[in-house]
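Trainee: structure, please.
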Amino acid sequence: MTQRNARQWMINIVLVIVSVAFMGVSLAPMLGGLFASSPTPTADPNTISEQDQIKIQIQGFEAVLRQEPKNQTALEGIVGLKLQIGDVRGTIEPLQTLSESYPDQARYRIALARTYVQLKEFKNATDEYRKLLATNPGDPEALQSLVGFELQEKRPEAAIGILQEALKNAATANQVKPGSVNVAYIQWLLGEVYRDQKRYAEALASFEEALKTDDKDFRGHLGKAQVLRSQGKKEEAQSLFAKAIELAPPDVKDRVKELATTPEATPTPTPTQP
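Mentor: As a prediction, the model looks like this:
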């Protein structure tokens, strides 16, 4: 798959489900919201700069951590303050501690993985997303991001394997914690990978499975419609597009309408070597 196609695939996914891993935006506002620091006593604000005030607050939290290395409030406070001064790399160590100390709170590992993406340390990011899947088998961001990484590295079979493994484990996970894995979503995402690879029969089968699981999810209708349109079955596709638009939530409805009315561009062939 060309870099252009890989980027387009990710853009389409991002427009349908919420994710920030490949959106190219700063993580500071998002992570800052997750880790807003609590105010701590500081020196007279009229005599020192804001930057120095933040450094003093960080030192206060670090003093707490020397006594309580896993203190959740102090660790979160350091993350929030480091982001305020633009020290993204400085958030890694406290996020690692939070992730390992509080494995039941997925937001810490998600924040760590996103930070690695921001720093373009993709191997570390994939490791964190895999750890996240070990405790949260159906986590949408982890699945989407890992699939995106594999496709960008031109490893479609690895991407397919990740999703097939998630589907295999879904029943057990949902028995342990009902509703923890959105099976229809994973089936749809698998169909998208097949569609991207022009493996239309397998894509249709995946979208059909998604619709059997949840026919109220617009994504199965949308994916099937796109495949049928690619095969020249425009009338059949149109009715499915209409259904997808009807079911789509307000925040993505306009994008679904756009996909329904704008055929996908045919990729420019890559010149072959003589």
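Trainee: give me the buried positions along stretch 190-200.
Mentor: For stretch 190-200, the neighbour count (16 or more other Cβ atoms under 10 Å) marks Leu190, Gly191, Glu192, Val193, Tyr194, Arg195, Asp196, Gln197, Arg199, Tyr200 as buried. C-beta coordinates here come from the backbone N, C-alpha and C atoms, glycine included.
Trainee: now do the contacts for the fourth one.
Mentor: To tie it back to what came earlier, the one meant is Val193. Residues near Val193 by Cβ atoms under 8 Å, 6 or more residues apart in numbering: Val147, Leu151, Pro156, Ala159, Ile160, Leu163.
Trainee: going by neighbour count, which of those comes out on top?
Mentor: Val147 (27 neighbours; other Cβ atoms under 10 Å).
Trainee: what strand or helix carries the residue lying closest to it once chain neighbours are set aside?
Mentor: Once flanking residues are discounted, Val147 sits nearest to Ala159: 4.5 Å by Cβ to Cβ, 6 or more residues apart in numbering. In this structure, Ala159 sits in helix 156-176 according to DSSP states H and E.
Trainee: that helix packs against which elements?
Mentor: helix 140-152, helix 183-196 (3 or more Cβ pairs under 8 Å, 6 or more residues apart in numbering; DSSP states H and E).
Trainee: okay, Asn71: pLDDT?
Mentor: For Asn71, the model assigns a pLDDT of 95.
Trainee: gap between it and Lys154?
Mentor: Between Asn71 and Lys154 the computed distance is 44 Å (Cβ to Cβ, to the nearest Å).
Trainee: which of these two has more neighbours?
Mentor: More crowded of Asn71 and Lys154, by other Cβ under 10 Å: Asn71, with 16 against 11.
Trainee: mind listing what that one touches?
Mentor: Asn71 sits in contact with Val64, Leu65, where contact means Cβ under 8 Å, 6+ apart.
Trainee: just Glu209 next, same as before
Mentor: Applying Cβ under 8 Å, 6+ apart to Glu209 gives the contacts Gln187.
Trainee: the stretch 1-150 of the chain: helices as residue ranges?
Mentor: In the stretch 1-150 of the chain, the segments counted as helices under DSSP state H, counting those that start in this stretch are 3-16, 28-34, 50-67, 72-84, 92-101, 106-118, 122-135, 140-152.
Trainee: circling back: what angle separates the helix holding Ala159 from helix 122-135?
Mentor: Helix 156-176 runs at 30 degrees relative to helix 122-135, counting by axes from the mean of the first three to the mean of the last three Cα atoms, to 10 degrees.
Trainee: just the buried positions in helix 156-176, please.
Mentor: Per 16+ other Cβ under 10 Å, helix 156-176 contains these buried residues: Pro156, Ala159, Ile160, Ile162, Leu163, Ala166, Leu167, Ala170, Ala173, Asn174.
Trainee: got it, and stretch 143-155?
Mentor: Those would be Leu143, Gln144, Ser145, Leu146, Val147, Gly148, Phe149, Glu150, Leu151, Gln152, for stretch 143-155 by 16+ other Cβ under 10 Å.
Trainee: quick one: these as JSON lines, columns for distance to Arg89 and pLDDT too.
Mentor: Below are the buried residues of stretch 143-155 laid out as JSON lines (distance: Cβ to Cβ, whole Å; pLDDT from 0 to 100):
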{"residue": "Leu143", "distance to Arg89": "27", "pLDDT": "95"}
{"residue": "Gln144", "distance to Arg89": "25", "pLDDT": "93"}
{"residue": "Ser145", "distance to Arg89": "20", "pLDDT": "93"}
{"residue": "Leu146", "distance to Arg89": "23", "pLDDT": "95"}
{"residue": "Val147", "distance to Arg89": "27", "pLDDT": "95"}
{"residue": "Gly148", "distance to Arg89": "23", "pLDDT": "93"}
{"residue": "Phe149", "distance to Arg89": "21", "pLDDT": "93"}
{"residue": "Glu150", "distance to Arg89": "26", "pLDDT": "93"}
{"residue": "Leu151", "distance to Arg89": "27", "pLDDT": "93"}
{"residue": "Gln152", "distance to Arg89": "23", "pLDDT": "90"}
